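Visitor: Here's a sequence, model it:
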Amino acid sequence: MTKGGRTVKATCQDAFALGTLLNEDMMGLRCVFYTLGRAGRKLYLEKQKNMPSQITSAMKPILLFVLLHFIITNAMYAQSSTQDSRQEQAIIALIDQYAQAREKQDTVLLKSILTEEVDQLVSSGEWREGIAGSMQGMMRSSTNNPGERTLTVDQVRFLHKEAAIADARYEIKNSDGSVRKMWSTFIVVKQGKQWKITAIRNMLPAGGA
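Guide: Numbers count the residues shown, from 1 in each chain. The predicted structure follows:
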């Protein structure tokens with residue numbers, strides 16, 4: 001299903017078009033349409049009155065197969081989209097945790113959301129490798145460059161179900177009111193049921209734009 005119920009409505013309309021060709025009393029298919037919710041029930045009541053009287057019996061199994069395949073495929077797509085949306089929200093929450101850990105210099109939280117092999121390339125060109133080296137560099141940077149840090153995820157792209165790339169706008173508001181605007185790219189992986197950060201790449205656009 002998609003926004004505004006458009007997929008549901010299209011599914012029901014296409015299903016009834018095939019159901020019309022089948023010339024069945026729709027009792028066997030009614031349960032399928034009812035799973036589509038209110039839109040399915042409404043269209044069922046509207047369309048069941050206009051069934052033709054005949055169709056070649058040889059075509060019935062074929063059309064029934066096409067109909068069921070269409071409905072099942074659509075349901076699987078809707079389920080997959082919902083799952084991707086949930087995982088995307090979990091990744092956005094992970095980046096928020098990272099921002100909080102940096103802001104508060106919370107090493108316990110930071111360690112819990114990084115993988116052991118994490119590495120980081122910062123805008124100065126410094127490489128930080130491994131969880132110990134990365135955390136030391138992060139805490140040193142937060143101390144030497146105080147200011148309010150904001151990370152806003154711009155997009156998430158899944159490489160597969162347990163790995164993704166998250167691009168975020170990274171801003172540091174300095175004490176003098178100026179704002180340093182950068183980009184941060186996070187490579188995240190799923191370990192068990194938890195998403196963790198395994199690589200970070202910071203970039204300062206030319207001119208500080």
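Visitor: Now stretch 147-161: buried residues?
Guide: Neighbour counts using 16 or more other C-beta atoms under 10 Å place 147, 149, 151, 153, 156 of stretch 147-161 among the buried residues. Where you see a C-beta, it was placed from the backbone N, CA and C, and this is true even at glycine.
Visitor: Please read off the pLDDT at the first one from the model.
Guide: In this case it means residue 147. Per-residue confidence at residue 147 stands at 73 (pLDDT).
Visitor: distance of it from residue 95?
Guide: From residue 147 over to residue 95 the distance is 18 Å, taken as C-beta to C-beta, to the nearest Å.
Visitor: what's the strand or helix carrying residue 186 packed up against?
Guide: Per DSSP states H and E, residue 186 falls inside strand 179-191. Helices and strands touching strand 179-191, by 3 or more C-beta pairs under 8 Å, 6 or more residues apart in numbering; DSSP states H and E, are helix 60-104, strand 163-173, strand 194-203.
Visitor: Figure out which of the ones you listed is closest to residue 122.
Guide: Among those, strand 194-203 comes nearest to residue 122, with 4.8 Å by C-beta to C-beta.
Visitor: buried set for stretch 113-122?
Guide: Neighbour counts over stretch 113-122 (16+ other C-beta under 10 Å) mark 113-115, 118-122 as buried.
Visitor: which residues sit against it?
Guide: With contacts defined as C-beta atoms under 8 Å, 6 or more residues apart in numbering, stretch 113-122 is touched by 94, 97-98, 101, 127-131, 134-135, 137-138, 141, 189, 191, 196-202.
Visitor: Of the residues you listed, keep whichever come out buried.
Guide: Buried subset of the contacts of stretch 113-122 (neighbour count, 16+ other C-beta under 10 Å): 94, 97-98, 101, 128, 131, 134-135, 137-138, 141, 189, 196-202.
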